[in-house]
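In: got a sequence here, can you model it:
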Amino acid sequence: MTKTLVGTVKALWRYPVKSMRGEQVEESRLTEQGFWGDRAYALWDEQTQKVASAKNPKKWAQLLGFKSKLLRNLSVQDASPQVEIFLPDGQTTTSGNPEVNTLLSTALDRPVRLISAVPDLASIEHYWPEVEGTKYQDAITQIVMPTGTFFDACHVHAISTATLARLQELSPASTFDARRFRPNLVIQPVGDSVGFVEEAWVNHTLVIGETARLNVFTGCPRCVMTTLPQSELPADLDILRTTARHNQVIAGIRATVLQGGLIRQGDPIWVEPAAS
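Out: Sure, this is the predicted structure:
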């Protein structure tokens with residue numbers, strides 16, 4: 001089957017605890033359930049009996065003040081990866097600490113549990129700000145996560161540097177840092193490709209490195225999380241307004257895993273037609 005070189009892996013990211021800041025890595029093992037260790041944990045809100053997500057920033061925006069990383073950077077799948085969590089006040093804890101739930105509940109001023117087993121029909125709350133072009137306005141909806149995962153809609157999310165550059169051009173006063181979009185893969189397109197180039201790969205297969213293969217099934221609609229402050233990035237509703245105004249709220253692509261494998265920073269990426 002004919003394949004075309006479209007870019008390289010510029011950066012790899014994983015987010016061991018849902019809605020916390022993640023870690024950039026030089027290599028990562030792609031499995032049937034996405035990148036090993038990605039969204040391995042989440043916080044369970046004891047009051048609402050839902051998974052905590054910064055998609056409802058009125059409750060959980062502060063989660064982006066926490067950072068998580070795996071304690072071991074294994075290149076093979078592990079059923080129980082251990083995670084280290086950095087709290088906003090400078091404390092650190094681990095998933096194996098008997099006091100982890102107490103520490104997190106105190107920091108968030110809300111009773112929570114760190115969980116790795118996904119409850120049946122687990123859901124999150126999704127707040128929609130008043131941004132023209134989004135599906136809802138100043139409303140909260142519910143998202144039931146895919147069975148057995150803490151993902152919202154897909155196992156792998158990617159965005160290109162061309163998309164980030166185009167959004168930056170459209171709204172120069174904002175900062176379109178990849179961290180706002182929480183991708184697994186940041187892709188550097190070949191040549192002088194400009195604009196929302198990855199959308200041309202929808203309904204195609206991405207071949208990455210030696211063995212990994214992804215099925216790109218849709219563009220990625222953005223949400224309020226892109227607008228929230230984290231690290232040195234300020235709150236900025238224009239991040240979402242720009243994607244809504246100029247590209248139907250889409251920035252990046254969603255994919256499922258066809259075949260796993262080790263992916264490294266700098267690996268080539270090819271695109272080929274999806275098998276019929």
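In: against residue 6, how distant is the closest residue to residue 36 other than its chain neighbours?
Out: Among residues not flanking residue 36 along the chain, residue 29 sits closest, at 4.4 Å (Cβ to Cβ, 6 or more residues apart in numbering). To be clear about C-beta, it is placed using only N, CA and C from the backbone, and glycine gets the same treatment. Residue 29 sits at a distance of 22 Å from residue 6 (criterion: Cβ to Cβ, to the nearest Å).
In: who has more neighbours, these two?
Out: residue 6 (24 against 18; other Cβ atoms under 10 Å).
In: quick one: buried residues of whichever strand or helix holds the more buried one?
Out: Counting by DSSP states H and E, the element that carries residue 6 is strand 4-14. Under the neighbour-count criterion of 16 or more other Cβ atoms under 10 Å, strand 4-14 has 6, 7, 9, 10, 11, 12, 13, 14 buried.
In: let me see the contact set for the last one.
Out: Right, residue 14. With contact taken as Cβ atoms under 8 Å, 6 or more residues apart in numbering, residue 14 is in contact with 22, 23, 25, 28, 35, 36, 37, 38, 70, 184.
In: out of those, name the ones that lie in helices.
Out: Among these, no residue falls in helices (DSSP state H).
In: any idea which of the residues you listed is closest to residue 60?
Out: Nearest to residue 60 among these: residue 22, at 15.8 Å, using Cβ to Cβ.
In: contact partners for the residue most central in space within the chain?
Out: The centre of the chain sits closest to residue 182, judged by Cα atoms, centre = their mean, with a distance of 3.7 Å. Counting by Cβ under 8 Å, 6+ apart, residue 182 makes contact with 13, 15, 22, 157, 225.
In: circling back to that earlier point, in strands, which of the contacts of residue 14 fall?
Out: Counting by DSSP state E, those place 23, 25, 28, 35, 70 in strands.
In: residues contacting residue 233?
Out: With Cβ under 8 Å, 6+ apart, residue 233 has these contacts: 175, 177, 179, 180.
In: go with 10 Å
Out: 64, 174, 175, 177, 179, 180, 226, 227, 239 (Cβ atoms under 10 Å, 6 or more residues apart in numbering).
In: report the two of the residues you listed separated the most.
Out: Among the contacts of residue 233, 64 and 174 lie farthest apart (Cβ to Cβ), at 17.0 Å.
In: where in the stretch 1-150 of the chain is pLDDT low?
Out: 1, 73-79 (pLDDT under 70).
In: apply 50 and report the result again.
Out: The stretch 1-150 of the chain contains residues with pLDDT under 50 at 75.
In: now the helices for the stretch 151-276 of the chain?
Out: Assigned by DSSP state H, counting those that start in this stretch, the helices in the stretch 151-276 of the chain fall at 161-170, 238-247.
In: packing partners of the last one?
Out: Read it as helix 238-247. helix 161-170, strand 212-221, strand 250-259 (3 or more Cβ pairs under 10 Å, 6 or more residues apart in numbering; DSSP states H and E).
In: can I get these in JSON lines with mean pLDDT?
Out: Shown next, in JSON lines, are these (pLDDT from 0 to 100):
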{"stretch": "helix 161-170", "mean pLDDT": "98"}
{"stretch": "strand 212-221", "mean pLDDT": "98"}
{"stretch": "strand 250-259", "mean pLDDT": "98"}
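In: nice, that's everything, thank you.
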